[in-house]
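> curious how this folds, go ahead:
(2 chains)
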Amino acid sequence: MWLIFLILMARIWDCGFELQSATGDIEYHANISTPVLSSTTVRSGARSLEIVSLASGLANGVRNNPFSAATGPFFYRQYLNIATMPGAENRIIYLNDSDNQTTPMVWLTLDNGGVLRLYDEDAQITGTTTLSTGVWYRVEIEYDRSGVAGAHVVRARVDGTEFAGSATRDISANVSFWGLGGNLNGEANTTGNWFFDDLAVNSSAGSLENTYPGEGEEIHLYPNAAGDNAQWTRGGTNSGANWSQVEEFPPNDATDYNESATLNQIDDHNLDATPAALASDDTINAVMVGMRIALSANTGADPNAVLRIKASASGTVEETANLAGNSATWGTHRMSGGSLMDYRLVLYDLPGASTTAWTKADLDVAQIGYRESNTDTDFYRFSAIWLLVDHKPAVGGAAAEPQSVMQPFFAGPIL
Amino acid sequence: MALQLALGLVHNQGVGANRRQINDILPLVVIHYEPPGSDFDTHVWYWYSLAGLLTDHEVKFYQAVPFGIAEPDNLYLLDSYKVLYAQGDEDKVGNHARFLNWLIKRATDNGAGTVIYVRNSAAFSVASLAAFLALLVGNVVFAEPPWGKLATVRLLREVGPLVENVDLDLAVDDLKIRITAAGLLFV
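Numbering: from 1, shown residues only, chains lettered A, B, ... in the order given. Okay, here's the model as predicted:
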């Protein structure tokens, strides 16, 4: 498969488990054992990742792959809510260079007293913090191997306050994978129950979202009506409209989809109204267009498509560069092969703008879609498309974190 | 790490000129294919560079189509991020400063460290680009070659975007004042 080189843009990947699938390669890369999703203990949206029913010696959780062997700096966010502490110190989060949870480079543990510890491959990094049950904590990690050995940076913080960190580490390899779960070091714990939600990862690129992600809640908006264009052909079961071929979650792949082999055919779809949990004065941190795609066959030169977004009907539209592919296997944000599932269209401000932030009102009339941008005899297919919205409640809002930390507009290291 | 470049065009000229500026850039586009990186990265990747630019670099392309302008019929021959201004942006015409603001912002959002605005493609050359890129060192965050503008992500972070209540040339004049006030430099 041909893919344009991934861009280490500011916000690289989000996951709130809102596609509502606990199957690997749908919303995240892979499962470690058999994690489940919760619909009762969620921080935002409708689902979270639940770690429960741990088996002795058996790691359980999920693996994600935001980068391919990159130095960073990268900034990871996960919200953690503990219902029951583990029976003893337990590895719950890790960063690694290879697609497994063994011998990671950086990790966090949680013990039976709620103490959170940060380690790298050489030692524990000084500092701890103690968590309580029944509280959503924002746990963030910085990984930076861009400097020379001995000047690598590993830091961790909870709700914006660093509890352990060092800028004098010597990490052996670049980072690729990010795992969350329990018993990730093969511990013998059989007690413990905790939840993860609202994952995000930033690089240091750009002028926004170039440091710790900070506070954010993640929701998905799905197509709910026809938009400005409906030119692709319905495939699989005909639901009667193009928008209703691509609104399912989890994605239903070949069951119903839209396809095109005609240059410049466009589908644009209106979206669900934003939920009440997204208030009119919320800050929209990022909007990200997600997609589930495949080709009808991988013969010949193969077609390309681009993603589109506009903030109002008939309004200014932005498009990505080509999203190329030559696989008939369904994939999220790319087709078969590989495990990088980064979002390909991420905006922090309105289409065509440079400083005007999205608002709830904009999202309520936004449209997302796709255009066939190169053709051959094979069809480009979309089985699902969605808009992930990462938003931050206004200070003092009902859902705001007690310690809200605003990100400075021009913060971050110089490239 | 390779220099991350973004090269942008604004189609605010006549039909023929808009088409021509794409044609001027296309011969400079070199595509590179990368083999799978490892057992978990089985894709074959491709990326672009500019022919003749010896600095280790990658480049991505951006195109802006102002309000009311017909898309050049070769718009899609250049694999690029695009904005097509439409209803609600009726004022985004001519030399509106928004176009350069959008280019700088979106390109840096997408990872660019240096943004190249080719305003006069006929005068553009890779040799001239290389010469001006070499000037973007230290506190130099903005350059004005005869064929366009160069801006760094540091410009956006520490000085901010161009004002948009005047046209591009006046907005650039204002930007230079702000660059100086911030203790930075332009050439």
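
> which residue, other than its chain neighbours, is closest to B:F124?
Leaving aside its chain neighbours, B:F124 sits nearest to B:W147 (4.3 Å; criterion: Cβ to Cβ, 6 or more residues apart in numbering or on different chains). Placement of C-beta: from N, CA and C, glycine included.

> do you know how far the one you found is from chain A?
Distance check for B:W147 against chain A: by Cβ to the nearest Cβ, to the nearest Å, it reads 22 Å.

> that residue: what's it in contact with?
When contacts are counted by Cβ atoms under 8 Å, 6 or more residues apart in numbering or on different chains, B:W147 touches B:V118, B:R119, B:N120, B:S121, B:A123, B:F124, B:S125, B:S128.

> now the buried members of those.
Neighbour counting by 16 or more other Cβ atoms under 10 Å in any protein chain shown classes B:V118, B:R119, B:S121, B:F124 among those as buried.

> ranges for the helices of chain A?
A:360-364 (DSSP state H).

> one step back: greatest separation within the contacts of B:W147: which pair is it?
B:R119 and B:S125 (13.7 Å; Cβ to Cβ).

> run a quick neighbour tally on A:S296.
16 (other Cβ atoms under 10 Å in any protein chain shown).

> I figured it was touching A:N258, is that so?
No. Under the criterion of Cβ atoms under 8 Å, A:S296 makes no contact with A:N258, lying 11.9 Å away.

> shared neighbours of those two, which are they?
A:R381.

> could you look up the SS state of B:Q21?
helix (DSSP: H, G, I helix; E, B strand; the rest coil).

> nearest residue to it in space, please, no chain neighbours.
Using Cβ to Cβ, 6+ apart and skipping residues adjacent in sequence, the residue nearest B:Q21 is B:S121, 3.8 Å away.

> mind listing what the one you found touches?
Counting by Cβ under 8 Å, 6+ apart, the residues that B:S121 touches are B:L9, B:R20, B:Q21, B:D24, B:I25, B:W147.

> after the strand or helix carrying the fifth one, which helix or strand is next? Please name it.
Which is B:I25. Under the criterion of DSSP states H and E, B:I25 resides in helix B:15-25. Going down the chain from helix B:15-25, the next helix or strand is strand B:29-34, by DSSP H and E.

> the one helix or strand in chain B whose mean pLDDT sits lowest pairs with which strands?
Lowest mean confidence among the helices and strands of chain B (mean pLDDT, DSSP states H and E): strand B:44-50, at a mean of 83. Next to strand B:44-50 in the sheet, as set by DSSP bridges, lie strand A:2-4 (parallel), strand B:29-34 (antiparallel).

> for A:N285, see how far away the closest residue to B:Y33 other than its chain neighbours is.
Excluding the flanking residues, the one nearest B:Y33 by Cβ to Cβ, 6+ apart is B:Y46, at 5.1 Å. According to Cβ to Cβ, to the nearest Å, B:Y46 stands 30 Å off from A:N285.

> just the ones in strands from the buried ones among the contacts of B:W147, please.
By the criterion of DSSP state E, membership of the buried ones among the contacts of B:W147 in strands covers B:V118.

> how about the buried ones among the contacts of B:W147 in CSV, adding pLDDT and distance to B:A143?
Output for the buried ones among the contacts of B:W147, formatted as CSV (pLDDT from 0 to 100; distance: Cβ to Cβ, whole Å):
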residue, pLDDT, distance to B:A143
B:V118, 98, 13
B:R119, 97, 13
B:S121, 97, 17
B:F124, 98, 13
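
> of the buried ones among the contacts of B:W147, closest to A:T262?
Checking those against A:T262 with Cβ to Cβ, the nearest one is B:S121 at 30.5 Å.

> which residues touch A:G290?
Contacts of A:G290 (Cβ under 8 Å, 6+ apart): A:L19, A:H220, A:T332, A:H333, A:Y343, A:A384, A:I385, A:W386, A:L387, A:L388.

> among those residues, which one sits closest to A:G315?
Proximity of the contacts of A:G290 to A:G315 (Cβ to Cβ) peaks at A:L387, which lies at 15.0 Å.

> test my guess that B:V59 contacts B:I31.
No. In this structure, B:V59 is not within contact of B:I31 by Cβ under 8 Å, at 10.8 Å.

> any common contacting residues for the two?
B:Y48.

> who has more neighbours out of those two?
The neighbour comparison of B:V59 against B:I31 (other Cβ under 10 Å) goes to B:V59, with 21 against 11.

> what bridges to the more buried one?
B:L5.

> can you pull the pLDDT of it?
Looking at B:V59, its pLDDT reads 97.

> before we move on, back to that, return the closest of the contacts of B:W147 with respect to B:L77.
B:S121 (14.1 Å).

> and for the closest residue to B:A2 other than its chain neighbours, the neighbour number?
Distance criterion Cβ to Cβ, 6+ apart; nearest residue to B:A2, sequence neighbours excluded, is B:D56 at 4.6 Å. B:D56 sits with 9 neighbouring residues when counted by other Cβ under 10 Å.

> now the nearest residue to A:L199 once chain neighbours are set aside: how far from chain B?
Leaving aside its chain neighbours, A:L199 sits nearest to A:C15 (4.4 Å; criterion: Cβ to Cβ, 6+ apart). Per Cβ to the nearest Cβ, A:C15 is found 18 Å from chain B.
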